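no FASTA, just this:
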């Protein structure tokens, strides 16, 4: 396998694990049972990639053809369930810590899937259409989280959180620009995903405020 | 028409009617008007099949090309509305019976659409990929119900109910195994759908409990 | 460009602006920040067309390939935000007027996208299948609004409002019939979209009541 393919696979695995953790933790908040936790972990992990593949006409989507994605997501979600089960007192009494952990995994998934979405757009003949590359990156990045939030009856984070879609868009733009400036792809990937992740973390830590029309 | 085609059509009709009933009953709970009941009945009945067809690249999906699906679903939903209209006192005072009836139709739709999804995967060149067959079966089976629940603002049954996605997965595995053991397809279909339906009913009747991490 | 193409583009722009206004206003109701308003404006404006293109197998959908749609929607939503920001006292104290304005834009988007959906079905080889034409028109028309309502945690208007999907269906049928009666396409387009818009307005003004099974 070429370096690019290995890198892509590693990204997919990191993103899948990150969103599986985030989906499983969201399900735990709603007090669903073991299967509910696994189901929402898998759904959150796979939805972005399935959406991405349908949008570019890659059917059936990779997540259907290759069982490893679901396997990785399901095992991850089951582990999250087990940890919550054995640390239930800590889990219930430290909501802020738990939310913080969930936020980190959500940001990691957003960053990594943004770049895989951008790469898929570039691999499939849309290299010259920067808009498409960045848009598909964003859809891939936010898709899983939007479905996760809809499934548990919450207004999606992408509408409520500071700098969510914008972090994904900026990371996509940075990655795309680095590509055209002939930066090594592995380096560009780390920087691109890092921009997304870093912006989400900074927005959380410093509570970046964006204007509202009114309260 | 071959026996397999007739069987497939019969399954599609049973699934369409079952989910149209279930969607219409869910809409009635939300006190929407006649058109709302028909709309949610149709949506619930068609969504799983549309999702299935998009996933395998069959566009336009069958439900768009052939008006019979919508016609069957719409008439079914209108009949449910009429029954509720004329039996409104009974309907409002026997919530448990009504929920029980809805549960039976939901389980029937889940069972039948699980098998049609599996069949479509097997017909379209994925015969050797058991994972794909079972996964597409599950998506087809749960798709309508998930959309129904999101539309009425509820957390989807698949997250809340015991043994929901798992029933679909087990039914799909049984059907796929029977196929490879050369069991007659009509028999295998009945057994596969029956496993899904039976597991849902048993889980409801005996209130099978799955572990939760915490309450 | 042929007259038909210009007309189609104009319709797409009107529909995009209308739904961007409607999505932005819905987001304002939920007190999300500037980016949330822009995001939901764009989502509402693009979702119907993306759904339409996926259904007919046009991938990637036009809204991904051509950045103008997102640009128009984003600028529109930002303007709505600015107006609400500078007129916040009026905005908060005149909920009925604001709801009325939103309703008009929602109806305009529904009317215009219903016809673009019907046209796309007719352009792509489904001219003889009136059911498909009308169904795709309805999906295109209601898609954006359904996603908008799900994102803000509301039961979609299409389930709650009088004569919503039905207005779209009737407008689609009228347009399709006028086509077969060789009426000039621009005229037919105006009449078709006008039927949808007019029915929604009349239903709102006269509070048309449809039967409910019970309250």
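Here it is on my side, so go on. Only a predicted model underlies this, so the values are computations on that prediction, with no experimental measurement involved.

would you mind listing what in chain A touches chain B?
Taking CB under 8 Å from any CB of the partner chain as the test, the list of chain A residues beside chain B reads A:27-28, A:30-37, A:39-40, A:50, A:54, A:57, A:59-61, A:64-65, A:67, A:70, A:81, A:84-85, A:88, A:91-92, A:150-153. All C-beta spots, glycine's among them, are computed from the backbone N, C-alpha and C.

all helices for chain A, in order.
For chain A, the helices defined by DSSP state H occupy A:3-29, A:34-55, A:62-65, A:68-86, A:88-93, A:95-123, A:130-151, A:157-160, A:165-180, A:185-205.

report the angle between the axes of the longest one and helix A:165-180?
Angle, helix A:95-123 to helix A:165-180, by axes from the mean of the first three to the mean of the last three CA atoms, to 10 degrees: 40 degrees.

residues from chain A in reach of chain C?
Residues of chain A lying close to chain C (CB under 8 Å from any CB) are A:54-57, A:126, A:129, A:131-132, A:135-136, A:146, A:150, A:153-156, A:158-160, A:162-166, A:209-215.

the nearest residue to residue A:134 once chain neighbours are set aside: neighbouring residues, count only.
Of all residues beyond its chain neighbours, the one nearest residue A:134 is residue A:172 (3.9 Å), with distances taken as CB to CB, 6 or more residues apart in numbering or on different chains. Using other CB atoms under 10 Å in any protein chain shown, the number of residues around residue A:172 comes to 27.

just the pLDDT at residue A:172, thanks.
Model confidence at residue A:172, expressed as pLDDT, equals 98.

how near is it to residue C:214?
51 Å (CB to CB, to the nearest Å).

just residue A:166 next, same as before
When distance is defined by CB to CB, residue A:166 is 47 Å away from residue C:214.

likewise residue A:125?
According to CB to CB, residue A:125 and residue C:214 sit 56 Å apart.

which stretches of chain A aren't confidently modelled?
Confidence mapping of chain A against pLDDT under 70 gives the ranges A:1.

residues contacting the closest residue to residue A:199 other than its chain neighbours?
Once flanking residues are discounted, residue A:199 sits nearest to residue A:167: 3.9 Å by CB to CB, 6+ apart. Going by CB atoms under 8 Å, 6 or more residues apart in numbering or on different chains, residue A:167 touches A:107, A:110, A:111, A:195, A:196, A:199, A:200, A:203.

contacts only, for residue A:171.
A:111, A:114, A:115, A:137, A:192, A:193, A:194, A:195, A:196, A:199.

leaving out chain neighbours, which residue sits closest to the fifth one?
In this case it means residue A:192. Spatially, and ignoring its direct neighbours in sequence, residue A:192 is nearest to residue A:175 (3.0 Å; CB to CB, 6+ apart).

do the second one as well
Nearest non-adjacent residue to residue A:114, counting by CB to CB, 6+ apart: residue A:141, 3.7 Å away.

how near is that neighbour to residue A:75?
In this view, residue A:141 and residue A:75 are 23 Å apart by CB to CB.

cool, residue A:209 as well?
To residue A:75, residue A:209 is 39 Å away according to CB to CB.

more neighbours, those two?
Just comparing residue A:209 and residue A:75: by other CB under 10 Å the higher neighbour count belongs to residue A:75, 14 against 9.

ok, the more buried one - contacts?
Taking CB under 8 Å, 6+ apart, we find residue A:75 in contact with no residue.

residue A:108 too?
If a contact means CB under 8 Å, 6+ apart, then residue A:108 has A:14, A:15, A:18, A:197 as its contacts.

could you dump these to CSV with neighbour count?
What follows is the contacts of residue A:108, written out as CSV (neighbours: other CB atoms under 10 Å in any protein chain shown):
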residue, neighbour count
A:14, 17
A:15, 28
A:18, 25
A:197, 22
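
count of residues packed around residue A:30?
One way to gauge burial is a neighbour count; for residue A:30, by other CB under 10 Å, it gives 16.

er, residue A:93 I mean
A total of 9 residues lie near residue A:93 under the criterion other CB under 10 Å.

and it, how far from residue B:214?
Separation of residue A:93 from residue B:214 (CB to CB) stands at 11 Å.

ok, now residue A:29?
Taking CB to CB as the criterion, residue A:29 is separated from residue B:214 by 11 Å.

likewise for residue A:189?
Using CB to CB, residue A:189 is found at 38 Å from residue B:214.

which one's more surrounded, these two?
Here residue A:189 and residue B:214 are compared on neighbour count by other CB under 10 Å; more neighbours surround residue A:189, at 25 against 12.

wouldn't the more buried one be in contact with residue A:7 here?
Yes - with contacts counted by CB atoms under 8 Å, residue A:189 reaches residue A:7, the gap being 6.2 Å.

buried only: go through the residues of chain A next to chain C for me.
Buried members of those, counted by 16 or more other CB atoms under 10 Å in any protein chain shown: A:54-56, A:126, A:129, A:131-132, A:135-136, A:146, A:150, A:154-156, A:158-159, A:162-166, A:212-213.

coming back round to it: show me what contacts the residue nearest to residue A:114?
Residue A:141 touches A:48, A:109, A:110, A:111, A:113, A:114, A:117, A:168, A:196, counting by CB under 8 Å, 6+ apart.

what about the fifth one, neighbour count?
Spelled out, that is residue A:113. The number of residues packed near residue A:113 is 33, by other CB under 10 Å.

does it touch residue A:48 like I think?
Yes - contact between residue A:113 and residue A:48 holds when scored by CB under 8 Å: they sit 5.0 Å apart.

need phi/psi at the spatially most distant residue from the centre of chain A.
The centre of chain A is farthest from one residue, residue A:214, which by CA atoms, centre = their mean lies 30.3 Å away. When read as degrees, to the nearest 10, the backbone of residue A:214 gives phi -170, psi 170.

now for the closest residue to it other than its chain neighbours, how many residues are close by?
Counting by CB to CB, 6+ apart, the nearest residue to residue A:214 once its immediate chain neighbours are dropped is residue C:88, at 4.1 Å. Under the neighbour criterion other CB under 10 Å, residue C:88 is assigned a count of 15.
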